[in-house]
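K.L.:
sequence-free structure coming up:
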């Protein structure tokens, strides 16, 4: 159960002055109360379990995190969770950033210290997902295809749904509807898609040692970025159909594998192109080296002939 309003008021009415870092217990109470008031105690309880599980997982993965860094992270997460809940309930356009700030107990300026735009309050995990995708592509395993590497990066995002309670999973289609029904959010989603495509394009070009503006890496980047959309839309469709847990993951993975097989056919020719480009470059480098060696030999012969002529003249 969430704390009563009186308990919250007596303990934490004034936000911390230092960068307005919200107290952890206060933040949990705010979110619990919001979700319970708007969506019911059942969903509030489920969300509480998810938050605790995710927090324990994060702290195991980052044992060196200091108290200040932890408060910053949790303040940012609280702002996003409160905003997303309010947007999903009342509509993105019907909730102002100022209202989110009031609910959290921080200034509007603090909101924008953590999030560059209102849309970023909803798509708050985008940068982390992009970083993960970039690392996965750069550290691609020997013999691993491009599509397999992208799928491996997506698996981390999908893992968050494995142990999530049904009450939270049921919230996903509503989240998707909010994005589709809000022009500014839809535009932000498409901009995110473009960022993914560029990340993939640049990594493909770097590994193949070709120009990223060539047609092949450009279209390959967009095609592989499409796997993100496949994962999201497949998840929403199967959740709506009633799948949960491992059955949900298996269904989404099956859809992704079907899409990946289709892409692999085209990307196979990109690998040939990359090998061809490398072979051509290596041949040109060999020709250049041979020309340089030939020039050095000619120069040495000329010097030897001049030296011999000088010796003969003195003799």
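P.N.:
Thanks, I have the structure now. As the structure is a prediction and not an experimental result, all values here were calculated from the model.

K.L.:
in the chain, which residue is closest to the centre?
P.N.:
residue 129 (1.6 Å; CA atoms, centre = their mean).

K.L.:
The spatially closest residue to that residue that is not a sequence neighbour and residue 130, how far apart?
P.N.:
Closest residue to residue 129 apart from its sequence neighbours, by CB to CB, 6 or more residues apart in numbering: residue 157 at 6.2 Å. Heads up, the C-betas are built off the backbone N, CA and C, glycines and all. For residue 157, the distance to residue 130 (CB to CB, to the nearest Å) stands at 11 Å.

K.L.:
Count the neighbours of residue 199 for me.
P.N.:
A count of nearby residues for residue 199, using other CB atoms under 10 Å, gives 18.

K.L.:
Cross-check the contact I'm expecting between residue 133 and residue 199.
P.N.:
Yes: counting by CB atoms under 8 Å, residue 199 is a contact partner of residue 133 at 6.1 Å.

K.L.:
Is residue 30 in contact with residue 81, as I believe?
P.N.:
No: here residue 30 lies out of contact with residue 81, judged by CB under 8 Å, at a distance of 9.3 Å.

K.L.:
Could you tell me which ranges of the stretch 1-150 of the chain sit under the pLDDT cut-off?
P.N.:
Flagging of the stretch 1-150 of the chain using pLDDT under 70 yields the residue ranges 1-20, 24.

K.L.:
and the nearest residue to residue 140 once chain neighbours are set aside, how many neighbours does it have?
P.N.:
Residue nearest to residue 140 in three dimensions, not counting chain neighbours: residue 149, with 4.7 Å by CB to CB, 6+ apart. Each residue near residue 149 was counted by other CB under 10 Å, and the total is 20.

K.L.:
Name all residues that make contact with residue 149.
P.N.:
Residue 149 is in contact with 136-137, 140-141, counting by CB atoms under 8 Å, 6 or more residues apart in numbering.

K.L.:
Report the secondary structure element holding it.
P.N.:
Using DSSP states H and E, residue 149 sits in helix 146-159.

K.L.:
how far out from the middle of the chain is that helix?
P.N.:
Distance of helix 146-159 from the chain centroid (CA atoms, centre = their mean, to the nearest Å) equals 11 Å.

K.L.:
Tell me where the protein has helices.
P.N.:
In the chain, the helices defined using DSSP state H lie at 5-12, 24-39, 41-61, 67-90, 97-104, 108-114, 126-138, 146-159, 166-169, 172-180, 183-208, 215-240, 245-314.

K.L.:
Make JSON lines out of these and add distance to residue 120.
P.N.:
What follows is those, written out as JSON lines (distance: least, CB to CB, whole Å):
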{"stretch": "helix 5-12", "distance to residue 120": "26"}
{"stretch": "helix 24-39", "distance to residue 120": "19"}
{"stretch": "helix 41-61", "distance to residue 120": "20"}
{"stretch": "helix 67-90", "distance to residue 120": "9"}
{"stretch": "helix 97-104", "distance to residue 120": "11"}
{"stretch": "helix 108-114", "distance to residue 120": "9"}
{"stretch": "helix 126-138", "distance to residue 120": "8"}
{"stretch": "helix 146-159", "distance to residue 120": "17"}
{"stretch": "helix 166-169", "distance to residue 120": "22"}
{"stretch": "helix 172-180", "distance to residue 120": "13"}
{"stretch": "helix 183-208", "distance to residue 120": "8"}
{"stretch": "helix 215-240", "distance to residue 120": "17"}
{"stretch": "helix 245-314", "distance to residue 120": "25"}
